[in-house]
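Peer 1: Provided below for reference: sequence and predicted model.
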Amino acid sequence: MAKEPRQKTKIPKGEIKAGFDKQTIDLGIDQIVSIKMVTPAARKSPKYRQILASIREVGVIEPPVVSRDPHSRNKYILLDGHMRVEVLKELGETEVTCLVSTDDEAFTCNKHINRLSTVMEHKMILCAIERGVPEAKIAAALNIDVRSIATRRDLLNDICPEAAELLKDKMVPIASFPILKRMKPFRQIEAATLMNDAGTYSKTYARALLAATPKDQLVDPEKPKKIKGLDEEQMARMESEMESLQREYRLIEENYGKDVLNLTLTKGYLGSLLGNAKIVRYLAQNHADILTQFQKIADITSLAKETAA
């Protein structure tokens, strides 16, 4: 039987408006009216210094957002990019290319953008290096030391692709990666999974995972772990406990879906039984303990809550 052609959804005319003009506009900085003051404390912040270094080295990448001032033909209200405009003033610039909003709501687009993750920053730096940008220039643009660029450039060396994929959009401290590199690929994947499950990516947590890693899962089994505050006996106990915990975790993970399905079916069946007055009366008279358990099961709302209880 032939399939019917899919109908294309038509967007009614006049109901959707573009949020910005199609073309950017070059404005004199004296034409731009700020609606928020950049405080002296903000000028001393690392973010301001990084924006200053970036604009000094490569210019403005993301244009400030303005809207037309309804009370003045020659003025524009600054909606987003206050620090960028202040930096341009500090550098003695007189013009800036802006994106013109058709709405005058003073919100910042950056509130809807996630911070650049550690792995994404690494890829961005690699991309810049491949295009021929000197490392010193990248460091100046990011307002960091050149040695830090080398660390970020080599971030994923000896990290297996599967572990890198698990951590690609997470805010993982750079110091956690050298610890992961001491583990073999399979253990790196396990450690990255545990970090995601716990929502913790700190160096301290990475060191704890290293302490709980058996020697045969380390790249260099003979190299002492040297975890501050832990002796050999304590680390051996952590390895044993972690192995047991991971077995239990995998078992729970494998059985959880099946258990939820069984609980749902059981609840439905017992609900229908307890909806019958004759059955309830019989159980109450002859098997009160069974009736109590049936009622408890029928009242369960969450497998997780019941397990915790």
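Peer 2: Sure, I can see it.
Peer 1: count the neighbours of residue 220 for me.
Peer 2: 8 (other CB atoms under 10 Å). In this view, the C-beta of every residue, glycine as well, is placed from N, C-alpha and C.
Peer 1: spatially nearest residue to it, not counting backbone neighbours?
Peer 2: Excluding its sequence neighbours, the residue lying closest to residue 220 (CB to CB, 6 or more residues apart in numbering) is residue 182, at 7.1 Å.
Peer 1: do you know the pLDDT at the one you found?
Peer 2: At residue 182, the pLDDT value in this model is 93.
Peer 1: roughly how far apart are it and residue 223?
Peer 2: The gap separating residue 182 from residue 223 is 8 Å, by CB to CB, to the nearest Å.
Peer 1: same question for residue 300.
Peer 2: Distance, residue 300 to residue 223, using CB to CB: 50 Å.
Peer 1: what about residue 182 and residue 223, which has more around it?
Peer 2: Between residue 182 and residue 223, residue 182 has the larger neighbour count (other CB under 10 Å), namely 18 against 10.
Peer 1: what lies in contact with whichever strand or helix holds residue 149?
Peer 2: Using DSSP states H and E, residue 149 sits within helix 146-153. Residues from elsewhere that reach helix 146-153 (CB atoms under 8 Å, 6 or more residues apart in numbering): 121-122, 125-126, 129, 135-136, 138-139, 142, 174.
Peer 1: quick check: which of those has the minimum pLDDT.
Peer 2: residue 142 (74).
Peer 1: what's the helix or strand for the closest residue to that one other than its chain neighbours?
Peer 2: The shortest distance from residue 142 to any non-neighbouring residue, by CB to CB, 6+ apart, is to residue 50 (6.4 Å). Using DSSP H and E, residue 50 falls within helix 46-58.
Peer 1: helix or strand right after the host helix or strand of residue 271?
Peer 2: Per DSSP H and E: residue 271 is located in helix 232-274. Where DSSP H and E defines the elements, the next helix or strand beyond helix 232-274 is helix 277-286.
Peer 1: show me what counts as buried in that following helix.
Peer 2: residue 283 (16 or more other CB atoms under 10 Å).
Peer 1: now do it: which elements does it pack against?
Peer 2: In this structure, helix 277-286 makes packing contacts with helix 288-299, judged by 3 or more CB pairs under 8 Å, 6 or more residues apart in numbering; DSSP states H and E.
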